[in-house]
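Undergrad: sharing a model prediction with you, sequence too.
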Amino acid sequence: MPFLSQRNMTATLKRAVLGLVLGTLPLAAQAERIFVSNEKDNTVSVIDGTSLEAVETIEVGRRPRAMAFSSDGSELFVAVGDDEAIDIIDLGTLKVVRSQSAGDDPEVIRVDPNRPYVYISNEDDNIVSVIDYERRTLVDEIPVGVEPEGLGISPDGRWLISTTETSNMAHIIDLEAREAVHHRLVGARPRHAEFTHDGRKAWVSSEIAGVVSILDMVESFDVEHVIRFDVPGVPRETVQAVGVALTSDGRYGFVALGPSNRVAVIDQQSYEVLDYILVGQRVWHLALNGDESRLYTTNGVSGDVTVIEIDGLRAVKSIPVGRFPWGVIVQP
(Lines give C-alpha, C1' and ligand atoms only; values in the text may rest on other atoms or scores of the structure.)
Protein backbone atom coordinates (compact mmCIF):
# COMPACT_ATOMS: atom_id res chain seq x y z
CA MET A 1 0.00 0.00 0.00
CA PRO A 2 1.45 3.44 -0.93
CA PHE A 3 2.42 5.76 1.87
CA LEU A 4 -0.28 8.35 2.81
CA SER A 5 0.48 11.55 4.71
CA GLN A 6 -1.75 12.57 7.62
CA ARG A 7 -3.33 15.24 5.40
CA ASN A 8 -4.06 12.77 2.59
CA MET A 9 -5.50 10.23 5.03
CA THR A 10 -7.81 12.91 6.46
CA ALA A 11 -8.94 13.97 3.00
CA THR A 12 -9.55 10.34 1.99
CA LEU A 13 -11.62 9.73 5.11
CA LYS A 14 -13.67 12.86 4.46
CA ARG A 15 -14.44 11.78 0.91
CA ALA A 16 -15.45 8.32 2.10
CA VAL A 17 -17.76 9.71 4.80
CA LEU A 18 -19.27 12.19 2.33
CA GLY A 19 -19.92 9.35 -0.11
CA LEU A 20 -21.75 7.36 2.57
CA VAL A 21 -23.82 10.40 3.57
CA LEU A 22 -24.76 11.19 -0.04
CA GLY A 23 -25.81 7.60 -0.57
CA THR A 24 -28.42 7.92 2.19
CA LEU A 25 -29.84 11.26 1.05
CA PRO A 26 -32.90 11.64 -1.18
CA LEU A 27 -32.10 12.36 -4.83
CA ALA A 28 -33.59 15.86 -4.61
CA ALA A 29 -31.24 16.79 -1.77
CA GLN A 30 -28.25 15.48 -3.69
CA ALA A 31 -29.19 17.42 -6.82
CA GLU A 32 -30.00 20.80 -5.28
CA ARG A 33 -27.74 23.59 -6.47
CA ILE A 34 -27.99 27.27 -5.60
CA PHE A 35 -26.71 29.87 -8.05
CA VAL A 36 -25.66 33.35 -6.88
CA SER A 37 -24.74 36.26 -9.18
CA ASN A 38 -21.84 38.37 -7.89
CA GLU A 39 -22.24 41.86 -9.31
CA LYS A 40 -18.69 43.13 -8.67
CA ASP A 41 -16.78 39.93 -9.49
CA ASN A 42 -18.53 39.14 -12.79
CA THR A 43 -19.11 35.60 -11.59
CA VAL A 44 -21.84 33.18 -10.57
CA SER A 45 -21.16 31.12 -7.45
CA VAL A 46 -22.55 27.58 -7.26
CA ILE A 47 -23.51 26.35 -3.78
CA ASP A 48 -24.01 22.66 -3.10
CA GLY A 49 -27.31 22.14 -1.30
CA THR A 50 -25.99 19.23 0.75
CA SER A 51 -22.72 20.63 2.07
CA LEU A 52 -23.93 24.26 1.97
CA GLU A 53 -20.57 25.33 0.59
CA ALA A 54 -19.67 27.24 -2.58
CA VAL A 55 -18.18 24.54 -4.83
CA GLU A 56 -17.86 26.24 -8.24
CA THR A 57 -17.33 29.70 -9.69
CA ILE A 58 -18.52 30.49 -13.22
CA GLU A 59 -17.00 33.43 -15.09
CA VAL A 60 -19.70 35.50 -16.85
CA GLY A 61 -20.05 38.96 -18.38
CA ARG A 62 -19.89 42.30 -16.63
CA ARG A 63 -22.30 43.15 -13.80
CA PRO A 64 -24.41 39.97 -13.52
CA ARG A 65 -27.73 40.45 -11.77
CA ALA A 66 -31.01 38.54 -12.30
CA MET A 67 -31.09 34.89 -13.37
CA ALA A 68 -33.73 32.49 -14.70
CA PHE A 69 -33.86 28.87 -15.84
CA SER A 70 -34.90 27.88 -19.35
CA SER A 71 -38.31 26.19 -19.52
CA ASP A 72 -36.70 22.75 -19.94
CA GLY A 73 -34.33 23.35 -17.02
CA SER A 74 -31.17 22.69 -19.02
CA GLU A 75 -29.81 26.24 -19.09
CA LEU A 76 -29.39 29.21 -16.79
CA PHE A 77 -29.89 32.72 -18.16
CA VAL A 78 -27.86 35.51 -16.52
CA ALA A 79 -28.48 39.21 -17.22
CA VAL A 80 -25.08 40.89 -17.61
CA GLY A 81 -25.98 44.56 -17.63
CA ASP A 82 -22.72 46.20 -18.64
CA ASP A 83 -22.40 43.83 -21.61
CA GLU A 84 -26.02 44.50 -22.66
CA ALA A 85 -26.55 40.76 -22.96
CA ILE A 86 -27.80 37.54 -21.42
CA ASP A 87 -25.15 34.89 -20.83
CA ILE A 88 -26.50 31.36 -21.19
CA ILE A 89 -24.93 28.67 -19.00
CA ASP A 90 -25.23 24.97 -19.78
CA LEU A 91 -26.18 23.36 -16.46
CA GLY A 92 -24.48 20.12 -17.41
CA THR A 93 -21.05 21.65 -17.95
CA LEU A 94 -21.48 24.88 -15.95
CA LYS A 95 -19.98 26.77 -18.90
CA VAL A 96 -21.26 29.83 -20.76
CA VAL A 97 -22.25 28.41 -24.14
CA ARG A 98 -23.48 31.58 -25.80
CA SER A 99 -24.41 35.20 -25.24
CA GLN A 100 -27.65 36.83 -26.44
CA SER A 101 -27.94 40.57 -27.12
CA ALA A 102 -30.51 41.97 -24.67
CA GLY A 103 -30.75 45.75 -25.16
CA ASP A 104 -29.53 48.58 -22.95
CA ASP A 105 -28.78 47.73 -19.32
CA PRO A 106 -30.74 44.46 -18.91
CA GLU A 107 -31.41 43.89 -15.23
CA VAL A 108 -34.27 41.48 -14.50
CA ILE A 109 -35.33 38.53 -16.67
CA ARG A 110 -38.31 36.19 -16.55
CA VAL A 111 -39.06 33.12 -18.68
CA ASP A 112 -42.49 32.53 -20.20
CA PRO A 113 -43.99 29.21 -18.99
CA ASN A 114 -45.75 28.63 -22.34
CA ARG A 115 -43.46 30.02 -25.03
CA PRO A 116 -39.69 30.10 -25.65
CA TYR A 117 -39.65 33.76 -24.65
CA VAL A 118 -37.60 35.63 -22.11
CA TYR A 119 -38.74 39.05 -20.85
CA ILE A 120 -36.09 41.62 -19.95
CA SER A 121 -36.33 44.97 -18.17
CA ASN A 122 -34.17 47.50 -20.03
CA GLU A 123 -33.62 50.35 -17.57
CA ASP A 124 -32.09 52.86 -19.95
CA ASP A 125 -34.68 52.43 -22.72
CA ASN A 126 -37.88 52.33 -20.61
CA ILE A 127 -39.00 49.12 -22.30
CA VAL A 128 -39.48 45.43 -21.65
CA SER A 129 -37.80 43.39 -24.39
CA VAL A 130 -39.25 40.09 -25.56
CA ILE A 131 -36.67 37.64 -26.94
CA ASP A 132 -37.21 34.22 -28.49
CA TYR A 133 -34.30 32.31 -26.94
CA GLU A 134 -34.61 29.36 -29.31
CA ARG A 135 -34.48 31.44 -32.50
CA ARG A 136 -32.25 34.06 -30.79
CA THR A 137 -34.37 36.90 -32.16
CA LEU A 138 -36.02 40.02 -30.76
CA VAL A 139 -39.80 39.48 -30.83
CA ASP A 140 -41.07 42.79 -29.44
CA GLU A 141 -40.39 45.82 -27.27
CA ILE A 142 -43.10 46.86 -24.79
CA PRO A 143 -43.04 50.51 -23.61
CA VAL A 144 -43.42 51.01 -19.85
CA GLY A 145 -42.54 53.80 -17.40
CA VAL A 146 -39.21 55.37 -16.55
CA GLU A 147 -36.40 53.08 -15.37
CA PRO A 148 -38.00 49.61 -15.38
CA GLU A 149 -36.57 47.28 -12.76
CA GLY A 150 -38.59 44.35 -11.45
CA LEU A 151 -40.55 41.79 -13.45
CA GLY A 152 -43.06 39.24 -12.22
CA ILE A 153 -44.87 36.70 -14.38
CA SER A 154 -48.15 34.98 -13.49
CA PRO A 155 -48.08 31.18 -13.17
CA ASP A 156 -50.32 30.78 -16.23
CA GLY A 157 -48.22 33.14 -18.35
CA ARG A 158 -51.11 35.58 -18.91
CA TRP A 159 -49.73 38.62 -17.07
CA LEU A 160 -46.35 40.27 -16.64
CA ILE A 161 -45.79 43.07 -14.11
CA SER A 162 -43.05 45.61 -14.77
CA THR A 163 -42.07 47.94 -11.92
CA THR A 164 -40.58 51.31 -12.83
CA GLU A 165 -38.32 52.97 -10.27
CA THR A 166 -38.74 56.60 -11.34
CA SER A 167 -42.43 56.42 -12.30
CA ASN A 168 -43.26 54.57 -9.04
CA MET A 169 -45.66 52.34 -10.90
CA ALA A 170 -46.56 48.72 -11.52
CA HIS A 171 -47.37 48.25 -15.20
CA ILE A 172 -49.55 45.20 -15.85
CA ILE A 173 -48.81 43.72 -19.28
CA ASP A 174 -51.20 41.44 -21.16
CA LEU A 175 -48.81 38.90 -22.66
CA GLU A 176 -51.23 37.83 -25.37
CA ALA A 177 -51.41 41.40 -26.68
CA ARG A 178 -47.88 42.24 -25.47
CA GLU A 179 -49.17 45.59 -24.21
CA ALA A 180 -49.32 47.33 -20.83
CA VAL A 181 -53.05 47.57 -20.10
CA HIS A 182 -53.11 48.70 -16.44
CA HIS A 183 -50.86 51.16 -14.62
CA ARG A 184 -50.95 51.39 -10.83
CA LEU A 185 -49.12 53.77 -8.50
CA VAL A 186 -47.21 52.03 -5.72
CA GLY A 187 -44.60 53.14 -3.17
CA ALA A 188 -41.41 55.01 -4.05
CA ARG A 189 -38.85 53.08 -6.11
CA PRO A 190 -40.60 49.75 -6.71
CA ARG A 191 -38.08 46.94 -7.04
CA HIS A 192 -39.67 43.50 -7.27
CA ALA A 193 -42.94 41.84 -8.30
CA GLU A 194 -43.98 38.35 -7.23
CA PHE A 195 -47.23 36.51 -7.93
CA THR A 196 -48.88 34.23 -5.40
CA HIS A 197 -48.88 30.63 -6.58
CA ASP A 198 -52.59 30.74 -7.43
CA GLY A 199 -52.00 33.87 -9.53
CA ARG A 200 -54.73 35.86 -7.76
CA LYS A 201 -52.47 38.42 -6.06
CA ALA A 202 -49.15 40.10 -6.80
CA TRP A 203 -46.74 41.50 -4.21
CA VAL A 204 -44.79 44.59 -5.30
CA SER A 205 -41.97 45.82 -3.05
CA SER A 206 -40.92 49.48 -2.90
CA GLU A 207 -37.39 50.15 -1.74
CA ILE A 208 -37.47 53.81 -0.65
CA ALA A 209 -41.02 53.68 0.71
CA GLY A 210 -40.15 50.49 2.59
CA VAL A 211 -43.52 48.87 1.85
CA VAL A 212 -45.08 46.02 -0.11
CA SER A 213 -48.24 46.69 -2.16
CA ILE A 214 -50.69 43.81 -2.72
CA LEU A 215 -52.41 43.94 -6.12
CA ASP A 216 -55.64 42.16 -7.00
CA MET A 217 -54.91 40.29 -10.25
CA VAL A 218 -58.40 38.94 -10.90
CA GLU A 219 -60.85 41.84 -11.14
CA SER A 220 -59.78 45.40 -10.33
CA PHE A 221 -55.97 45.13 -10.71
CA ASP A 222 -55.82 47.75 -7.97
CA VAL A 223 -53.68 47.97 -4.84
CA GLU A 224 -55.87 46.40 -2.16
CA HIS A 225 -53.46 46.40 0.78
CA VAL A 226 -50.10 47.88 1.81
CA ILE A 227 -47.76 46.06 4.20
CA ARG A 228 -45.54 48.32 6.33
CA PHE A 229 -42.53 47.36 8.41
CA ASP A 230 -41.29 48.56 11.79
CA VAL A 231 -38.11 46.82 12.89
CA PRO A 232 -37.43 47.47 16.61
CA GLY A 233 -34.18 49.35 17.20
CA VAL A 234 -33.50 49.89 13.49
CA PRO A 235 -33.58 53.36 11.84
CA ARG A 236 -36.62 53.73 9.62
CA GLU A 237 -34.57 54.86 6.59
CA THR A 238 -32.68 51.55 6.52
CA VAL A 239 -35.88 49.50 6.17
CA GLN A 240 -35.92 49.15 2.39
CA ALA A 241 -38.14 46.49 0.83
CA VAL A 242 -36.51 44.65 -2.08
CA GLY A 243 -36.72 40.88 -2.79
CA VAL A 244 -39.88 38.85 -2.18
CA ALA A 245 -40.45 35.08 -1.89
CA LEU A 246 -43.82 33.38 -1.30
CA THR A 247 -44.44 29.81 -0.19
CA SER A 248 -46.69 27.78 -2.48
CA ASP A 249 -49.01 26.72 0.37
CA GLY A 250 -50.07 30.33 0.94
CA ARG A 251 -48.62 30.39 4.45
CA TYR A 252 -45.58 32.68 4.47
CA GLY A 253 -44.30 35.67 2.57
CA PHE A 254 -40.68 36.77 2.97
CA VAL A 255 -39.39 40.26 2.18
CA ALA A 256 -35.73 41.33 2.10
CA LEU A 257 -35.35 44.65 3.92
CA GLY A 258 -32.04 45.89 2.52
CA PRO A 259 -29.66 47.78 4.86
CA SER A 260 -31.75 46.91 7.92
CA ASN A 261 -30.15 43.43 7.54
CA ARG A 262 -33.50 41.76 8.20
CA VAL A 263 -35.91 39.47 6.38
CA ALA A 264 -39.55 40.08 7.29
CA VAL A 265 -41.81 37.05 7.78
CA ILE A 266 -45.43 37.74 6.83
CA ASP A 267 -48.67 35.78 7.05
CA GLN A 268 -49.76 35.54 3.39
CA GLN A 269 -53.45 35.54 4.31
CA SER A 270 -53.72 38.25 6.97
CA TYR A 271 -50.64 40.27 5.87
CA GLU A 272 -49.54 40.43 9.51
CA VAL A 273 -45.78 40.77 10.01
CA LEU A 274 -44.87 37.79 12.20
CA ASP A 275 -41.15 38.23 12.72
CA TYR A 276 -37.88 39.76 11.51
CA ILE A 277 -34.88 37.47 10.94
CA LEU A 278 -31.38 38.92 11.25
CA VAL A 279 -29.20 38.05 8.22
CA GLY A 280 -26.11 39.51 6.50
CA GLN A 281 -25.48 43.11 5.51
CA ARG A 282 -27.76 44.71 2.89
CA VAL A 283 -29.98 41.75 2.13
CA TRP A 284 -31.17 42.05 -1.45
CA HIS A 285 -32.86 39.01 -3.01
CA LEU A 286 -34.36 35.73 -1.83
CA ALA A 287 -35.07 32.24 -3.13
CA LEU A 288 -36.86 29.24 -1.67
CA ASN A 289 -35.51 25.77 -2.38
CA GLY A 290 -37.54 23.04 -4.08
CA ASP A 291 -39.35 21.61 -1.06
CA GLU A 292 -39.52 25.06 0.59
CA SER A 293 -37.63 23.89 3.65
CA ARG A 294 -34.99 26.61 3.21
CA LEU A 295 -34.76 30.24 2.17
CA TYR A 296 -31.54 31.67 0.75
CA THR A 297 -30.70 35.39 0.91
CA THR A 298 -28.04 37.41 -0.91
CA ASN A 299 -26.27 39.94 1.31
CA GLY A 300 -24.47 42.48 -0.87
CA VAL A 301 -22.21 44.29 1.58
CA SER A 302 -21.11 41.25 3.62
CA GLY A 303 -20.61 39.17 0.45
CA ASP A 304 -22.43 36.09 1.67
CA VAL A 305 -25.62 34.03 1.53
CA THR A 306 -27.69 33.41 4.65
CA VAL A 307 -29.48 30.05 4.94
CA ILE A 308 -32.82 30.24 6.77
CA GLU A 309 -34.67 27.12 7.89
CA ILE A 310 -38.40 27.57 7.33
CA ASP A 311 -39.23 25.15 10.14
CA GLY A 312 -38.35 27.35 13.08
CA LEU A 313 -37.80 30.50 10.98
CA ARG A 314 -34.15 30.83 11.95
CA ALA A 315 -30.89 31.62 10.20
CA VAL A 316 -28.59 28.60 10.42
CA LYS A 317 -25.57 29.39 8.26
CA SER A 318 -23.70 32.09 6.36
CA ILE A 319 -21.96 31.03 3.12
CA PRO A 320 -19.21 33.29 1.68
CA VAL A 321 -19.56 33.95 -2.06
CA GLY A 322 -18.24 36.73 -4.32
CA ARG A 323 -18.35 40.50 -4.03
CA PHE A 324 -21.79 42.12 -3.91
CA PRO A 325 -24.02 39.08 -4.45
CA TRP A 326 -27.22 40.28 -6.14
CA GLY A 327 -29.46 37.46 -7.37
CA VAL A 328 -30.10 33.93 -6.14
CA ILE A 329 -31.93 31.01 -7.75
CA VAL A 330 -32.27 27.34 -6.83
CA GLN A 331 -32.10 24.65 -9.51
CA PRO A 332 -35.45 22.82 -9.60
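TA: Received, thanks. Residues are numbered from 1 along each chain as shown.
Undergrad: could you pull out the strands in the stretch 101-250 of the chain for me?
TA: With strands called from DSSP state E, counting those that start in this stretch, the stretch 101-250 of the chain shows them at 106-111, 117-122, 127-132, 137-143, 148-153, 159-164, 169-174, 179-185, 190-195, 201-206, 211-216, 223-228, 244-246.
Undergrad: now the ones you listed in TSV, with mean neighbour count and distance to residue 266?
TA: In short, each C-beta sits where N, CA and C put it, glycine included. Shown next, in TSV, are these (neighbours: other C-beta atoms under 10 Å; distance: least, C-beta to C-beta, whole Å):
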stretch	mean neighbour count	distance to residue 266
strand 106-111	24	22
strand 117-122	25	25
strand 127-132	21	28
strand 137-143	15	30
strand 148-153	24	17
strand 159-164	27	19
strand 169-174	22	19
strand 179-185	15	20
strand 190-195	26	12
strand 201-206	26	9
strand 211-216	22	8
strand 223-228	15	6
strand 244-246	23	9
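Undergrad: list the contacts for residue 252?
TA: If a contact means C-beta atoms under 8 Å, 6 or more residues apart in numbering, then residue 252 has 246, 265, 266, 267, 268, 274, 310 as its contacts.
Undergrad: now it: how far from residue 84?
TA: Here the criterion is C-beta to C-beta, to the nearest Å. By it, residue 252 lies 37 Å from residue 84.
Undergrad: show me where the stretch 1-150 of the chain dips below the pLDDT cut-off.
TA: Applying pLDDT under 70 to the stretch 1-150 of the chain flags residues 1-30.
Undergrad: please enumerate the helices of it.
TA: Secondary structure of the stretch 1-150 of the chain (DSSP state H, counting those that start in this stretch): helices at 6-24, 27-31.
Undergrad: the residue nearest to residue 125 when sequence neighbours are not counted: how many residues sit nearby?
TA: Counting by C-beta to C-beta, 6 or more residues apart in numbering, residue 125 lies nearest to residue 104, which is 4.8 Å off, once chain neighbours are set aside. Residues near residue 104, counting by other C-beta atoms under 10 Å, number 13.
Undergrad: next, the contact list for residue 104, please.
TA: By C-beta under 8 Å, 6+ apart, the residues touching residue 104 are 84, 122, 123, 124, 125.
Undergrad: one step back: which among the contacts of residue 252 end up buried?
TA: Listed as buried from those are 246, 265, 266, 268, 310; burial here means 16 or more other C-beta atoms under 10 Å.
Undergrad: what helix or strand is the second one located in?
TA: Same thing as residue 265. Using DSSP states H and E, residue 265 sits in strand 262-267.
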